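Engineer: No sequence on hand, only this structure:
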């Protein structure tokens with residue numbers, strides 16, 4: 001299978017940008033090479049506006065509305081799946097600060113179970129992020145992006161002191177004790193905290209681009225498993241300035257071990273994703289798949305910002321295409337506070353949430369109801385038995401399949417109609433098998 005990736009909301013090291021609070025990565029996934037099969041059709045759509053590529057921001061909503069039905073027709077012939085990863089940058093900063101300062105592998109004042117037990121880990125991370133405001137969070141981000149080690153540790157000490165002043169706001173004594181002791185130890189031992197990165201690729205690993213790319217590879221791996229097709233090529237838009245970082249993390253995941261890592265409370269984790277795939281950084285001008293992904297991503301971003309979309313662009317194909325695929329989280333309302341409530345955070349932080357798919361199960365015959373559906377299903381069973389007529393045994397003048405065939409037919413029928421049974425009977429002097437398969 002092939003994946004075509006584009007992204008939006010990239011602000012680089014300026015993480016707290018009020019105009020672009022989200023970083024969104026999208027992938028168009030197809031069983032075959034979309035560029036080879038449908039590149040000519042996509043170029044023909046661009047030529048209608050005297051251009052050689054589809055660029056949503058240049059075309060605008062009005063001209064996209066004109067080509068939306070034709071683009072939908074192309075997508076239907078391609079039979080794609082979509083994955084969208086939506087990363088809220090404030091969450092990245094809050095959780096990054098918690099993981100950097102209170103990691104028990106570096107901070108000896110923090111109990112190990114804080115990180116190894118996922119429910120405790122997530123709850124404590126939320127409480128720590130709740131203590132931050134925008135100025136304090138920016139101080140930590142400056143320390144993380146600092147190119148000088150001494151200045152990075154000085155800013156780290158300032159950050160810990162500012163957060164310690166707010167620890168008493170936490171409602172429970174144990175959280176105040178764990179976070180307070182951890183910050184105090186970090187202030188006394190700043191050299192033990194891995195806050196400084198000499199390599200530019202390592203510093204870029206803290207950005208939302210890496211978080212979104214990891215989620216995207218997980219979504220592509222899930223679709224590869226569902227289609228039973230290995231991932232051959234992942235094509236990413238060349239406009240990204242993080243090509244080296246993306247290549248590093250792609251190789252990291254693709255070449256990871258295939259063994260599961262057993263975590264506490266029964267959780268199992270495997271790092272390997274998109275094994276054997278090839279990452280290609282190419283221009284959108286040379287890839288029709290990236291152009292289509294960019295159009296969908298641009299319209300989705302407008303929808304998340306609350307901007308209206310014309311009927312053909314929204315109702316005909318854009319939102320249907322996205323909702324039929326997989327997304328990393330449901331779109332959520334922006335909040336005036338630093339972080340939403342815990343219940344809101346839990347609801348929106350799930351990964352790879354399945355959106356309601358179209359009624360394809362009805363077209364495939366897996367839902368049956370009414371007399372006509374049961375008749376069609378009965379005819380299918382009869383045709384299947386007719387092919388195996390030479391294997392049937394005669395019992396009392398009735399035509400009955402063998403035990404093995406009877407079990408196979410029953411399993412087949414249950415797979416199409418739920419619970420059911422297969423019986424043999426005589427009608428009009430002929431022997432045939434009919435199925436009474438209640439819904």
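Structural biologist: Okay, I see it. Model, not experiment: these values are computed from the prediction. Residues are numbered from 1 along each chain as shown.
Engineer: Find the residue closest to residue 164 in space, skipping its chain neighbours.
Structural biologist: Counting by C-beta to C-beta, 6 or more residues apart in numbering, residue 164 lies nearest to residue 183, which is 5.1 Å off, once chain neighbours are set aside. All C-beta spots, glycine's among them, are computed from the backbone N, C-alpha and C.
Engineer: residues touching the one you found, list them.
Structural biologist: By C-beta atoms under 8 Å, 6 or more residues apart in numbering, residue 183 lies in contact with 101, 160, 163, 164, 167.
Engineer: residues near residue 293, how many?
Structural biologist: For residue 293, the neighbour count with other C-beta atoms under 10 Å is 29.
Engineer: Confirm it sits in a helix?
Structural biologist: Yes: membership of residue 293 in a helix is supported by DSSP: H, G, I helix; E, B strand; the rest coil.
Engineer: surely it meets residue 3?
Structural biologist: No: between residue 293 and residue 3 there is no contact under C-beta atoms under 8 Å: 9.2 Å.
Engineer: Are there residues contacting both of those two? Which ones?
Structural biologist: Common neighbours of residue 293 and residue 3, using C-beta under 8 Å, 6+ apart, are 27, 28.
Engineer: Quick one: the strands in the stretch 51-200 of the chain, in order.
Structural biologist: For the stretch 51-200 of the chain, the strands defined by DSSP state E, counting those that start in this stretch cover 81-88.
Engineer: out of the contacts of residue 183, who's nearest residue 29?
Structural biologist: Ranked by distance to residue 29 (C-beta to C-beta), those are led by residue 101 at 37.8 Å.
Engineer: Would it be right to say that residue 285 lies in a helix?
Structural biologist: Yes: assigned with three-state DSSP, residue 285 falls within a helix.
Engineer: where's it relative to residue 63, distance?
Structural biologist: 18 Å (C-beta to C-beta, to the nearest Å).
Engineer: quick one: which of the contacts of residue 183 is nearest residue 298?
Structural biologist: Nearest to residue 298 among the contacts of residue 183, with distances taken as C-beta to C-beta, is residue 101, at 37.4 Å.
Engineer: Give the closest residue to the closest one in space, chain neighbours not counted.
Structural biologist: residue 186 (5.2 Å).
Engineer: In three-state terms, label residue 257 for me.
Structural biologist: Reduced to three states by three-state DSSP, residue 257 is coil.
Engineer: For it, which non-adjacent residue is spatially closest?
Structural biologist: Once flanking residues are discounted, residue 257 sits nearest to residue 272: 6.4 Å by C-beta to C-beta, 6+ apart.
Engineer: Same check on residue 218?
Structural biologist: With sequence-adjacent residues excluded and distances taken as C-beta to C-beta, 6+ apart, residue 218 is closest to residue 273, at 5.9 Å.
Engineer: got the phi/psi numbers for the one you found?
Structural biologist: Per-residue torsions, residue 273: phi -140, psi 150 (degrees, to the nearest 10).
Engineer: picking up where we left off before, my guess is the residue nearest to residue 257 meets residue 253, correct?
Structural biologist: Yes: counting by C-beta under 8 Å, residue 272 touches residue 253, with 6.7 Å between them.
Engineer: where does the stretch 201-350 of the chain have low pLDDT?
Structural biologist: Counting by pLDDT under 70, the stretch 201-350 of the chain shows low-confidence ranges at 239-240, 312-350.
Engineer: picking up where we left off before, I'd like to know how far the residue nearest to residue 101 sits from residue 98.
Structural biologist: Relative to residue 98, residue 186 is positioned 12 Å away (C-beta to C-beta).
Engineer: The stretch 151-300 of the chain: helices as residue ranges?
Structural biologist: Secondary structure of the stretch 151-300 of the chain (DSSP state H, counting those that start in this stretch): helices located at 173-188, 200-204, 208-227, 243-254, 288-304.
Engineer: what sits up against the third one?
Structural biologist: I take that to be helix 208-227. Taking C-beta under 8 Å, 6+ apart as the rule, helix 208-227 contacts 1, 3, 5, 7, 9-10, 15, 23-25, 27, 29, 31, 81, 83, 85, 87, 89, 92, 204, 230-231, 234, 240, 242, 245-246, 249-250, 253, 273-274, 326, 328, 351-352.
Engineer: tell me the angle it makes with strand 81-88.
Structural biologist: For helix 208-227 against strand 81-88, the angle by axes from the mean of the first three to the mean of the last three C-alpha atoms, to 10 degrees is 150 degrees.
Engineer: Mind listing what's buried along helix 208-227?
Structural biologist: 208-224 (16 or more other C-beta atoms under 10 Å).
Engineer: How about the fourth one?
Structural biologist: Neighbour-count burial for helix 243-254, with 16+ other C-beta under 10 Å as criterion, is recorded at 245, 246, 248, 249, 250, 253, 254.
Engineer: The second one now?
Structural biologist: Applying a neighbour-count criterion of 16+ other C-beta under 10 Å, the buried positions in helix 200-204 are 203, 204.
Engineer: Tell me which other helices or strands it touches.
Structural biologist: Here helix 200-204 touches helix 243-254, going by 3 or more C-beta pairs under 8 Å, 6 or more residues apart in numbering; DSSP states H and E.
Engineer: And the helix it packs on, what does it pack against?
Structural biologist: helix 200-204, helix 208-227, strand 233-237, strand 278-282.
Engineer: closest to residue 41 out of these?
Structural biologist: Checking these against residue 41 by C-beta to C-beta gives strand 233-237 as the closest, at 17.7 Å.
Engineer: how big is the angle separating the closest one from strand 278-282?
Structural biologist: On the basis of the same axes, to 10 degrees, strand 233-237 is oriented at 30 degrees to strand 278-282.
Engineer: rewinding a little: you'd agree the residue nearest to residue 218 is up against residue 252?
Structural biologist: No: counting by C-beta under 8 Å, residue 273 sits too far from residue 252 to count as a contact (9.5 Å).
Engineer: so where's the stretch 1-150 of the chain shaky on pLDDT?
Structural biologist: Low-confidence segments of the stretch 1-150 of the chain (pLDDT under 70): none present.
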